[in-house]
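Visitor: One predicted model, sequence on top.
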Amino acid sequence: MRFITVSGPPSSGKTSVILKTLEAIRTETHRVGIVKFDCLSTYDDQLYMKAGFPVKVGLSGNLCPDHFFISNVEACIDWAYRKKLDFLISESAGLCNRCSPHIKEVLAVCVIDCLSGVNTPKKVGPMLKLADIVVITKGDIVSQAEREVFCFKVKQANPKAFITFVNGITGQGAFDLAVKLKGAPDVFNLEGKRLRFSMPAALCSYCLGETRIGEDYQTGNLKKMDFEDVV
């Protein structure tokens, strides 16, 4: 079974890109399933079910969605094997832009949109910089010059990635992405595999439920700003 992780900032068009790409894969009678990770709620599972794909939803609640993802990903693989899937796609947001769900020896895709600003590729962390494939969306809404500048910025952030444009509405570019996904390595289980990036340490009193403000209430992993030069 081929396992692919797809991540990207919220509203970048991940679900639309996945749906258009899977249409191209499914025509060859491959069985495809999706695991959707989100924080509080999602309606994307309804879109996948409407398209006829088996789907599972994982809501992280108070936890970081990517931390939640990595704690549950082995169970996702087991579910996919029980369903006898040929492809399993995981979709997650990476809301803080620092976490990354990408796993070594598992094909990793990052979806990012042109409207997010030309400096966004530099701001997005390992989710983009360590991806094998970067998909740029909403390229039809900006000028050719803006598309080229944005693509250049993505290339600066991740020179090794295969960069492609996909239109999540028309499906233009989805076939090329489908060809890449079909070349993903087989995954039998994830035991012993490693993340491509250690998720940032952020264990402090506020992670553990503290709500009061003040140094007396701040413990754990803290980082203070330097204001010595401020007049």
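Guide: Structure received. Keep in mind that this is a model prediction, so the values were computed, not measured. Numbers count the residues shown, from 1 in each chain.
Visitor: Helix or strand for C76, just tell me which one.
Guide: C76 belongs to helix 65-82 when assigned by DSSP states H and E.
Visitor: So which elements touch the next helix or strand after that helix?
Guide: Per DSSP H and E, helix 65-82 leads on to strand 87-92 as the next helix or strand towards the C-terminus. Judged by 3 or more C-beta pairs under 8 Å, 6 or more residues apart in numbering; DSSP states H and E, the packing partners of strand 87-92 are strand 2-7, helix 14-26, strand 32-38, helix 65-82. C-beta here means a position set from N, CA and C on the backbone, and glycine is covered the same way.
Visitor: What is the longest one packed up against?
Guide: If I follow you right, that is helix 65-82. When contacts are defined as 3+ C-beta pairs under 8 Å, 6+ apart, helix 65-82 sits against strand 2-7, strand 32-38, strand 55-59, strand 87-92.
Visitor: How is the residue lying closest to E74 once chain neighbours are set aside assigned, secondary-structure-wise?
Guide: Beyond its immediate neighbours in the sequence, the residue positioned closest to E74 (C-beta to C-beta, 6 or more residues apart in numbering) is L190, lying 5.3 Å away. The assignment at L190 comes out as coil when based on DSSP: H, G, I helix; E, B strand; the rest coil.
Visitor: Tell me, how many residues neighbour L190?
Guide: Neighbourhood size, L190 [other C-beta atoms under 10 Å]: 17.
Visitor: F162 is nearest to which of the helices and strands packed on helix 65-82?
Guide: Closest approach to F162 among these (C-beta to C-beta): strand 2-7, 13.1 Å.
Visitor: Make a markdown table from the helices and strands packed on helix 65-82 and add mean neighbour count and mean pLDDT to it.
Guide: Supplementary listing: the helices and strands packed on helix 65-82 in a markdown table, determined by neighbours: other C-beta atoms under 10 Å; pLDDT from 0 to 100:
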| stretch | mean neighbour count | mean pLDDT |
| --- | --- | --- |
| strand 2-7 | 25 | 95 |
| strand 32-38 | 24 | 92 |
| strand 55-59 | 17 | 93 |
| strand 87-92 | 26 | 93 |
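Visitor: closest one to N158 among these?
Guide: Closest of the helices and strands packed on helix 65-82 to N158 is strand 2-7, at 13.1 Å (criterion: C-beta to C-beta).
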